[in-house]
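Participant: Sequence and predicted structure below; questions after.
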Amino acid sequence: MAGSPRPAPATGPATTTDGSARMGGNTLRILVATDCHLGYLEKDEVRRFDSFATFEEICSLAVKNKVDFLLLCGNLFHENKPSNSTLVKAIEILLRYCMNDCPVQFQVISDQAASLQNRFGQVNYEDPNYKIGLPVFTIHGNQDDPTGLDNLSVNDILTAGNLLNYFGKTDLGCTSVGKVKIYPLFIRKGETYIALYGLGNIKDGRLKRMLHEPDAVNWMQPEIQDETLGPDWFNILVLHQKRTRGSPRDAISELLLPRFVDLVIWGHEHECLIDPQEVPGMGFHITQPGFSIATSLINAEANPKHVLLLEIKGREYRSTKIPLQSVRPFEYAEVVLEDQVDVDPGDEATICEHLHKVVNNLIEKSREGAPTGSKPMLPLVRIKVNYTGYSMINSKQFGQHYVGKVANPQDILLLTRSRQRHQTMQESCNISEELCTNDLNQETVEALIADSNLKLEILSVDDLNSAINDFVKEDDKTAFHACLQQNIEEAIVRYSTSLHERKTSLHGMTECPNSKLSNISNFNFNSEEPLVG
């Protein structure tokens, strides 16, 4: 492949006032978004429609900017098995914006059956029984991932209805680490050729081991020497995993990704870092669109939300970030009580008074950023309070003052405290301990096994941990059965291979001199001990 991609000069918006494309018929236009989390807080009276409003805005932006297709980077849904209400609303939005008479002006010229997860063997807009004017391509994330005996998710349901083009689904097979081939979609528009690689979410620890294992992940590249497929390819990788910078344990390092890729679109992370950044020494750029709605009230979610308009012509590309207007405003602040001069450590009233001032200031700040002429939405407000050395207040009672004023009165305050942990050589460090119920009782199977002398011979600790997660968080009643079945099959393959190697070794030794044969005269064929030469 050629060198790193050449970003086009930043020359302002990529569309004219009427939304028509400036660049010619060789330019592929893609709208990129991720983590829409349809159905998030669907039982909350205030926030139940937030995810649908934002997803509808994303689809409308795709139509307005006349893109060739909409690309989603995982977690379209908040749950693997969404409610009927969520599923119906999602279908209605897709029908409203995707089914029309607009001509699709690009071709998929690869073996579609190898890349797409459907039984039709083709992209949905090629079906003569459907009129798809806006194709939508998506991979799965960590919350709408396929599970169960048939390895299905809600994305498969929408794909069966010809509303989505679901790709990036992998079959890891019955091996301890897993081997997988990633077949890209080869897309052509005029003289522009795109290889679109999709990697749906795999458990981070397992994928990390696979990327370190030689030949565990096989990236199927286009045959660039075949002139009929074009002179050169622009390679895009779409994935949905943890990134090292935010959570180093089991996160995926950028340095583990293939160097032939030109642009990486990274889903799963909350923060919007949408401007493509070059990775030193790797030759590719990374864009991180971030969540489309706020699901975790953390500082990273307070940044403005955007989607990315990507225009590719040959090996040049231009990116234009488009702000989302439908996202509920979110204001975040951190308060250390011991730094406040007007707060008395023993007087709860002064603590509440100070925090009320902070909340009211954040509410006013959220109104300042509201679009003119629109009805302001109730904002999300989160204050991280370090109350070390001060009286602890009732956060639920505190939030009752803001019912009807903010969208999350029940969890405005996140109370934390600092404590000293003495280490060796009398060293100590301050460790922030967040008092959040979601963080309690989160001991993993891996940690329990590590703290004991237990050893699992058949079941994989990582797989068992994943099965528990799927059973509890995704209500997958077949998670343990699928885990057991997979590990039994892996064990059969493993022990069969070991037995075959022993028989081969023994057969070779029978041809040795009698002095060698005497060494194995007491060999037990049912023993698990290795042969000694």
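Facilitator: Yep, it's here. Numbers count the residues shown, from 1 in each chain.

Participant: my guess is Leu324 contacts Phe291, does it?
Facilitator: No - shown here, Leu324 and Phe291 do not form a contact pair, counting by Cβ atoms under 8 Å, at 10.5 Å. In short, each C-beta sits where N, CA and C put it, glycine included.

Participant: overlap in contacts of those two?
Facilitator: Lys305 (Cβ atoms under 8 Å, 6 or more residues apart in numbering).

Participant: more crowded one of the two?
Facilitator: Using other Cβ atoms under 10 Å, the more surrounded residue of Leu324 and Phe291 is Phe291, with 25 against 18.

Participant: helices or strands up against the helix ranked longest in the chain?
Facilitator: Here the longest helix in the chain is taken by residue count, with DSSP state H as the criterion, and it is helix 479-509. Helices and strands touching helix 479-509, as assessed by 3 or more Cβ pairs under 8 Å, 6 or more residues apart in numbering; DSSP states H and E, comprise helix 461-473.

Participant: pLDDT on the helix it packs on, on average?
Facilitator: Averaging pLDDT along helix 461-473 yields 72.

Participant: cool, stretch 277-295 as well?
Facilitator: When pLDDT is averaged along stretch 277-295, the result is 96.

Participant: how far does it stretch from start to finish?
Facilitator: 25 Å (Cα to Cα, to the nearest Å).

Participant: buried sites along that stretch?
Facilitator: For stretch 277-295, the buried set under the neighbour-count rule, 16 or more other Cβ atoms under 10 Å, comprises 279, 282-295.

Participant: Next: stretch 59-73.
Facilitator: Judged by neighbour count using 16+ other Cβ under 10 Å, the buried positions of stretch 59-73 are 59, 61-63, 65-73.

Participant: cool, and stretch 358-374?
Facilitator: Of the residues in stretch 358-374, those scored as buried under the neighbour-count criterion (16+ other Cβ under 10 Å) are 358-359, 362-363, 366.

Participant: Dump the residues you listed to JSON lines, plus distance to Gly200, secondary structure and pLDDT.
Facilitator: What follows is the buried residues of stretch 358-374, written out as JSON lines (distance: Cβ to Cβ, whole Å; DSSP: H, G, I helix; E, B strand; the rest coil; pLDDT from 0 to 100):
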{"residue": "Val358", "distance to Gly200": "41", "secondary structure": "helix", "pLDDT": "97"}
{"residue": "Val359", "distance to Gly200": "40", "secondary structure": "helix", "pLDDT": "98"}
{"residue": "Leu362", "distance to Gly200": "37", "secondary structure": "helix", "pLDDT": "97"}
{"residue": "Ile363", "distance to Gly200": "40", "secondary structure": "helix", "pLDDT": "96"}
{"residue": "Ser366", "distance to Gly200": "35", "secondary structure": "helix", "pLDDT": "93"}
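
Participant: Can you tell me which of those residues is nearest Gln400?
Facilitator: Distance ranking of the buried residues of stretch 358-374 against Gln400, using Cβ to Cβ, places Val359 first at 12.3 Å.

Participant: How about that closest one: what's its closest non-neighbour residue?
Facilitator: Using Cβ to Cβ, 6 or more residues apart in numbering and skipping residues adjacent in sequence, the residue nearest Val359 is Val381, 5.9 Å away.

Participant: tell me the SS of that neighbour?
Facilitator: Applying DSSP: H, G, I helix; E, B strand; the rest coil to Val381 yields a three-state assignment of strand.

Participant: Report the beta-bridge partners for it.
Facilitator: Glu331 (DSSP bridges).

Participant: number of nearby residues for it?
Facilitator: By other Cβ under 10 Å, the burial measure for Val381, its neighbour count, is 29.

Participant: Assess the claim that Ser51 and Leu38 are in contact.
Facilitator: Yes - contact between Ser51 and Leu38 holds when scored by Cβ under 8 Å: they sit 4.9 Å apart.

Participant: Need the overlap of contacts for these two.
Facilitator: Joint contacts of Ser51 and Leu38 (Cβ under 8 Å, 6+ apart) are His78.

Participant: mind listing the strands for the stretch 51-200 of the chain?
Facilitator: Using DSSP state E, counting those that start in this stretch, the strands of the stretch 51-200 of the chain run over 69-72, 107-108, 136-138, 165-166, 180-182, 185-189, 192-199.

Participant: and among these, the most buried is which?
Facilitator: strand 165-166 (a mean of 28; mean count of other Cβ atoms under 10 Å).

Participant: need the contact list for Phe69.
Facilitator: 30-31, 104, 106, 134-137.

Participant: what residue ranges in the stretch 1-150 of the chain are flagged as low confidence?
Facilitator: Judged against pLDDT under 70, the low-scoring parts of the stretch 1-150 of the chain cover residues 1-24.

Participant: before we move on, the earlier item: pull the most distant pair out of the buried residues of stretch 59-73.
Facilitator: In the buried residues of stretch 59-73, the most distant members under the criterion Cβ to Cβ are Lys66 and Cys73, with 21.2 Å between them.
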